[in-house]
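**Q** Take a look and give me a structure for this.
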Amino acid sequence: MKVLAINGSPRKGGNTAQLIEQVFLSLRKEGIECDTLQIGGQPIHGCTACRKCFEREHPGCVITKDGINELIPRVLEADALLIGSPVYFTDVTAETKAFIDRVGYVCRGRNLLRRKLGAAVIAVRRAGALHAFDTINHFFLVNEMMVVGSSYWNLGIGREPGDIHQDEEGLRTMHTLGENMAWALKALAET
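**A** Residues are numbered from 1 along each chain as shown. This next block holds a predicted model:
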């Protein structure tokens, strides 16, 4: 079993990455393989809605200059996805949105993400977390994925890198999210 996290924060090692690592602690305790793809800070082009991805023999986008096509096989081999983003103007980062639009379009045409697990991880300073949370969950739901929840919304509060470690409830939420995702992955593996 494998969980792949997509980190949409341009701050490598920032609060979003640290929240993802909190989820991974619980997953690794259960023997689940975890990996992160850092997309934040990368030059990722948005979707042009050309629909050429529906015509291609292999899953991929016609925009080939930014590395999205190299990420798609890793997304497809994962059993579950975490998509993490800080909140920028009450939503996800531009890189996270471009990932959602491009990968979503490529996978939706063939139902490639159907019945995989998904969970959002949001780092927020003050407000807008639920809108960003919804943006990511809409991606999961329209792709027929199963959304894993926690004891509260999957968010941690902090501004500067490391501030989220002062948010005890946020850290507990991440650990519970990891425990719930591990349970769901094992339950699906038994079916």
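**Q** Could you count how many residues lie near Thr191?
**A** Thr191: 4 surrounding residues under other CB atoms under 10 Å. C-beta: built from backbone N, CA, C; applies to glycine.
**Q** Adjust the sequence numbering to begin at 49 for everything that follows.
**A** Renumbered: residue one is now 49, and that last one reads Thr239.
**Q** residues contacting it?
**A** Shown in contact with Thr239 (CB atoms under 8 Å, 6 or more residues apart in numbering): no residues.
**Q** For it, report the pLDDT, please.
**A** On the pLDDT scale, Thr239 is placed at 84.
**Q** wouldn't Gly115 be in contact with Gln86 here?
**A** No - contact criterion CB atoms under 8 Å: Gly115 and Gln86 do not qualify, at 11.0 Å.
**Q** Tell me which of these two has more neighbours.
**A** Set side by side, Gly115 and Gln86 show more neighbours around Gln86, with 17 against 13, by other CB under 10 Å.
**Q** That one reaches Asn55, doesn't it?
**A** Yes - judged on CB under 8 Å, Gln86 makes contact with Asn55 at a distance of 5.1 Å.
**Q** Give the intersection of the neighbour lists for these two.
**A** Common neighbours of Gln86 and Asn55 (CB under 8 Å, 6+ apart) are Ala65.
**Q** can you pull the buried residues of the longest helix along the chain?
**A** Secondary structure of the chain read by DSSP state H shows that its longest helix is helix 216-237. By 16 or more other CB atoms under 10 Å, the buried positions in helix 216-237 come out as 218-219, 221-230, 232-233.
**Q** Spit out the contact partners of the residue nearest to the spatial centre of the chain.
**A** In the chain, the centroid-proximal residue (CA atoms, centre = their mean) is Ile131; its distance is 1.1 Å. Going by CB under 8 Å, 6+ apart, Ile131 touches 53-54, 56, 144, 147-148, 166-169, 184, 187.
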